[in-house]
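[1] Pasted the sequence and its predicted model underneath.
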There are 2 protein chains.
Amino acid sequence: MTYCCAMRLKDGLVFISDTRTNAGVDHISVFRKLYTYGVEGERFITIQTSGNLATTQAVIGHLKNQLDLKVEPNLYSVNSMFEMAELVGHTLKRTIADVTTDQQEQSNYYCSILLGGQIKGEDMQLYNIYPQGNFINATSDTPFFQIGESKYGKPILDRALKFDTPLSEALRCGLISFDSTLRSNVSVGLPLDALIYQADSFHVPVGKRIYEEDPYFSNISKLWSETLRKGLNSLEIPTDDYWQ
Amino acid sequence: MTYCCAMRLKDGLVFISDTRTNAGVDHISVFRKLYTYGVEGERFITIQTSGNLATTQAVIGHLKNQLDLKVEPNLYSVNSMFEMAELVGHTLKRTIADVTTDQQEQSNYYCSILLGGQIKGEDMQLYNIYPQGNFINATSDTPFFQIGESKYGKPILDRALKFDTPLSEALRCGLISFDSTLRSNVSVGLPLDALIYQADSFHVPVGKRIYEEDPYFSNISKLWSETLRKGLNSLEIPTDDYWQ
């Protein structure tokens, strides 16, 4: 399983992915699911993947191959983020069709992709790309997308994340969303990959890998547990009259 | 969709169900998903259902019909909670088979059932019964089961609910679990049905229907939102050095 979250906010883009893959509980590995590309000063691109590992690696392989061999169109030649979403969507759809054309069997090879970035002269964009190759676009009303094991970590994002949330606070909120998911589903695992892109910087950041012993993450995880426990205990207990 | 949660704790049993059913977003109704039965002083039974509404109503119909016509075995004639779980499981499996024997098509008619109760001379039991008719039993290590839209509300139960949690506090924790689910999935809706059974009472409680305007529930929902917002804001914000 996988959990990836991406946010398109006023001040920039925030991406967080876990790194656990499993083929049965006795075959667990660490694989990167967050990929960055870019041309310094001109375009910044991040891709996050969830689903069949062979499919996600083939899609990333095709996109890289297009870049290396300068096959047109490629991530660096498309004129807009919309064209890029189409390119990634087509690549994904074709990759699945290469395995099988049987529609029912195809679902075994599904993968979902988040694509975020910015090309000079355009606004930042964030797309959620489906295995069918089509996609939706984040807006200021719905500033985040999740793929993979999304439900455990959704309530805190629903409550706390707004389009104008500052980037550092959005990262903090995202990490708490991951903390809830890590606790409730063992198939989502550390380390995490986190990356923040500042709007209009056209700079490709290195990103941060967050390991179990990361002092910041382990500290906010611990404090968040206490917040929930104390917060729950501070709520009035229903009286016997209430429920009898 | 549906969310039902049941707990088997040291002091008794706690059940909470929502009441929203939907056949498409333009066909939303209120249906009870929590049913109680019992013989005062001898046995107490609660059944919660999630899944295809025709299947759940047919199962409840068969069980009631068996009682009314004194068909053996029935909920009041079985000798143990284990036998009762078998009876409910067989009834569920047969109900689905009555619609279709095609295994793949059967999944359209699936329903899951939580069965909790106590028969004089026995401990309380709580079973999670699958559409295949088999079931698992709650233990002191795993004192709660959920069916339906379970993920949004699981983190708080994972963190806060223990076998020796007092019943009123367990109800509070369960209601917060429902609050998270109600906010993240519109297909789970108020009113809620809540019921607490005190161990060894062999009394069938009336239960509580919790509407939107319920002062206790709306108050703890509001305070819980504040707890989360304030708790998140009180966590240290990651510095630029952390993520750059």
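    Nice, thanks for sending it over. Just so we're clear, the structure is a prediction, and the values are computed from it rather than from any experiment.

[2] So stretch A:188-199, near chain B or not?
    Yes: counting by CB under 8 Å from any CB of the partner chain, chain B is contacted by stretch A:188-199 at A:Ala194, A:Leu195, A:Ile196. Using the backbone N, CA and C atoms, a C-beta is placed for each residue, glycine as well.

[3] Export those residues as a markdown table, with columns for secondary structure.
    As requested, those are exported to a markdown table (DSSP: H, G, I helix; E, B strand; the rest coil):
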| residue | secondary structure |
| --- | --- |
| A:Ala194 | strand |
| A:Leu195 | strand |
| A:Ile196 | strand |
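
[4] ok, the residues you listed vs chain B, which is closest?
    Of all the residues of stretch A:188-199 next to chain B, the one with the least separation from chain B (CB to the nearest CB) is A:Ile196, at 5.3 Å.

[5] Verify the stated contact: that closest one with A:Leu171.
    Yes: using CB atoms under 8 Å, A:Ile196 is in contact with A:Leu171, at 6.2 Å.

[6] Spit out the residues that contact the two alike.
    Common neighbours of A:Ile196 and A:Leu171 (criterion: CB atoms under 8 Å, 6 or more residues apart in numbering or on different chains): A:Val14, B:Trp243.

[7] quick revisit: for the residues of stretch A:188-199 next to chain B, could you give me a markdown table that also reports pLDDT and neighbour count?
    A markdown table is the format used below for those (pLDDT from 0 to 100; neighbours: other CB atoms under 10 Å in any protein chain shown):
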| residue | pLDDT | neighbour count |
| --- | --- | --- |
| A:Ala194 | 97 | 24 |
| A:Leu195 | 96 | 24 |
| A:Ile196 | 97 | 25 |
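
[8] Which one of those residues is nearest to B:His203?
    Nearest to B:His203, judged by CB to CB, of the residues of stretch A:188-199 next to chain B is A:Ala194 at 53.5 Å.

[9] Could I get the contacting residues of that closest one?
    By CB under 8 Å, 6+ apart, the contact list for A:Ala194 reads A:Val14, A:Phe15, A:Ile16, A:Leu171, A:Gly174, A:Leu175, A:Gly207, A:Lys208, A:Arg209, A:Ile210, B:Trp243.

[10] rerun at 6 Å
    A:Ala194 sits next to A:Ile16, A:Lys208 when contact means CB atoms under 6 Å, 6 or more residues apart in numbering or on different chains.

[11] roughly how far apart are it and B:Gln198?
    A:Ala194 sits at a distance of 48 Å from B:Gln198 (criterion: CB to CB, to the nearest Å).

[12] Quick check: closest non-adjacent residue to A:Thr2.
    Nearest residue to A:Thr2, sequence neighbours excluded (CB to CB, 6 or more residues apart in numbering or on different chains): A:Gly148, at 3.6 Å.

[13] Kindly report the same for A:Thr227.
    Spatial nearest neighbour of A:Thr227, excluding adjacent residues (CB to CB, 6+ apart): B:Gly231 at 3.3 Å.

[14] tally of neighbours for the one you found?
    Neighbour count of B:Gly231, defined by other CB atoms under 10 Å in any protein chain shown: 19.

[15] Could you double-check that it sits in contact with A:Ser225?
    No: using CB atoms under 6 Å, B:Gly231 makes no contact with A:Ser225, being 10.2 Å away.

[16] name the element A:Asn65 belongs to?
    For A:Asn65, the element it lies in under DSSP states H and E is helix A:53-68.

[17] Residues contacting that helix, please?
    Contact with helix A:53-68 is made by A:Thr21, A:Tyr35, A:Thr49, A:Asn74, A:Leu75, A:Thr91, A:Leu92, A:Thr95, A:Tyr109, A:Cys111, as judged by CB under 6 Å, 6+ apart.

[18] For that helix, output the C-alpha coordinates as CSV.
    Presented in CSV, the C-alpha positions along helix A:53-68 are these (Å, rounded to 0.1, in the frame of the first residue of the first chain):
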residue,chain,number,x,y,z
LEU,A,53,4.8,-1.1,-8.6
ALA,A,54,5.6,-2.5,-12.0
THR,A,55,3.2,-0.1,-13.6
THR,A,56,4.4,2.9,-11.7
GLN,A,57,8.1,2.1,-12.4
ALA,A,58,7.3,1.6,-16.1
VAL,A,59,5.5,5.0,-16.3
ILE,A,60,8.5,6.7,-14.7
GLY,A,61,10.8,4.7,-17.0
HIS,A,62,9.0,5.8,-20.1
LEU,A,63,8.9,9.4,-19.0
LYS,A,64,12.7,9.3,-18.3
ASN,A,65,13.4,7.5,-21.5
GLN,A,66,11.6,10.2,-23.5
LEU,A,67,13.7,12.8,-21.8
ASP,A,68,17.0,11.0,-22.3
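
[19] Tell me the buried residues in it?
    Taking 16 or more other CB atoms under 10 Å in any protein chain shown as the neighbour-count basis, helix A:53-68 is seen to contain the buried residues A:Leu53, A:Thr55, A:Thr56, A:Ala58, A:Val59, A:Ile60, A:His62, A:Leu63, A:Gln66.

[20] Many thanks, I have nothing further to ask.
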